[in-house]
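**Student:** need coordinates for the below:
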Amino acid sequence: MYLSQVYEYKYLGFPHTYSGIDWKTHLNESARKSLNILDTFKYYKNIWPTYIKLHIFRIYIRPIMEYSACLAFYWMNSKTTDKLKNRNYLGSIDYSEVSNYHKVIQEGLEWIVNHNRMSSSACLLGIPTTMTRLYCLALKLQRHIAKMDVNNPLYLAFNPPGNVKPFTCFSFANKVYRWKELFTVYKYFDPTSTNESYSEQIKKVDKKVKEVKVHEMNKSIMGKLILPSARINLKKNDKIDIREKITSADKCVFIRDRKTRNNAVDWRINCFLFKYKCPICRKEFNRGHINKCDFIHQPPYNRFIKEKDIYLFNKDKEKYENLPKSYNILDSLLNHQNYYTFGKFTGEMIENSEKINENENEN
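**Tutor:** Model (predicted):
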């Protein structure tokens, strides 16, 4: 009896083929495990608060699929990655090679905020989108390779004597080893890239990763509306400079009061009073109505706003020159953590909008 021929086998959790480890299959299988866990947790979508779901996603769900994700940017088809060399690229990105990974990010963000608004949700939660995350992991891998300990068995492979070639020209390992341009050519992620030497870039990997994340956040209007003071400052007891680049989650995600927290999250991702009528002008509401309909001076909303709130709102517009025109008092209340007033203000808006809808339905 002959043993049947196999074209793929697993060793140490990695699928091996005739041409070596199948990294694409490994990433998709790992992402499928994350998807299965995410599907299980969807039952608790409306039970667990936003901050609990955020912690679960970051600590338990995403890490499962990232065991080899740092290599994805290296093995992906150049037709996909070459588009990202254009700083002004506005077309759609092809996620077919990392479809399951992308699905975890997409569905994970939707699960956390209960809305399908990927860009706004990623900005609010401080979670990079698919390609940005894979690019940042690829950058960090370069640092690990450059700072490899001399006692590591792979050290000689990546740092051979002068007369020895490290890898064959067409090998995957050679692409990882030689891809120094990773830091400079992908203008889509960071158009301010410099032409510093590879060793200098390695020293500044963390700074580079932060700049890439900040650049992605600032692409969306919401990224500009959430001020640095509104995000969690990881440096304890440090005052935040207005030029500080902070990419962590918005503090409003951690509001204890359930209604206020849900209203804050909905406001940040532009879902607040979605398809409801504006309580002032009675037209379909959007964030622009707060300034357009002069909510600050309209009863009953004017009784919630204090002089200090208006002072801070005007101060924000002076300090931050690039604030979008739609920046309003509700954004300011969240940015300065005045959640009590925000809760009262938005609660009144919801109550009045629901009354308008009920009256229209009766008529």
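**Student:** so how far is the helix or strand bottoming out on mean pLDDT in the chain from its chain's centroid?
**Tutor:** Least confident helix or strand, the chain: helix 172-178 with a mean of 76, by mean pLDDT, DSSP states H and E. Centroid separation between helix 172-178 and its chain, computed with Cα atoms, centre = their mean, to the nearest Å, is 28 Å.
**Student:** what does it rub up against?
**Tutor:** For helix 172-178, the external contacting residues (Cβ atoms under 8 Å, 6 or more residues apart in numbering) are 20, 23, 71, 74, 75, 141, 145, 157, 158, 166, 167, 168. Quick note: C-beta positions are derived from backbone N, CA and C, even for glycine.
**Student:** which residue packs closest to residue 198, ignoring adjacent ones?
**Tutor:** Among residues not flanking residue 198 along the chain, residue 180 sits closest, at 4.7 Å (Cβ to Cβ, 6 or more residues apart in numbering).
**Student:** do the same with residue 354
**Tutor:** residue 276 (7.6 Å).
**Student:** next: residue 66.
**Tutor:** Nearest non-adjacent residue to residue 66, counting by Cβ to Cβ, 6+ apart: residue 137, 6.9 Å away.
**Student:** what confidence value was assigned to the one you found?
**Tutor:** According to the prediction, residue 137 has pLDDT 94.
**Student:** contact partners for it?
**Tutor:** 66, 69, 70, 72, 73.
**Student:** what about this structure, any weak spots by pLDDT?
**Tutor:** Within the chain, the stretches with pLDDT under 70 are 1, 191, 193, 234-245, 362-363.
**Student:** how is it carved up into domains?
**Tutor:** Taking automatic domain parsing as the domain assignment, the ranges for the chain are 9-219, 253-362.
**Student:** ends of the longest one, how far apart?
**Tutor:** Looking back up the chat, that one is domain 9-219. By Cα to Cα, to the nearest Å, the extent of domain 9-219 from end to end equals 43 Å.
**Student:** where's it relative to the chain centroid, distance-wise?
**Tutor:** That offset, for domain 9-219, works out to 13 Å (Cα atoms, centre = their mean).
**Student:** now, which of the contacts of residue 137 lie within helices?
**Tutor:** Per DSSP state H, helices hold the following members of the contacts of residue 137: 72, 73.
**Student:** mind putting the contacts of residue 137 in a markdown table, distance to residue 11 and neighbour count included?
**Tutor:** Formatted as a markdown table, those follow (distance: Cβ to Cβ, whole Å; neighbours: other Cβ atoms under 10 Å):
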| residue | distance to residue 11 | neighbour count |
| --- | --- | --- |
| 66 | 20 | 18 |
| 69 | 19 | 22 |
| 70 | 20 | 18 |
| 72 | 20 | 23 |
| 73 | 24 | 24 |
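**Student:** no further questions, thank you.
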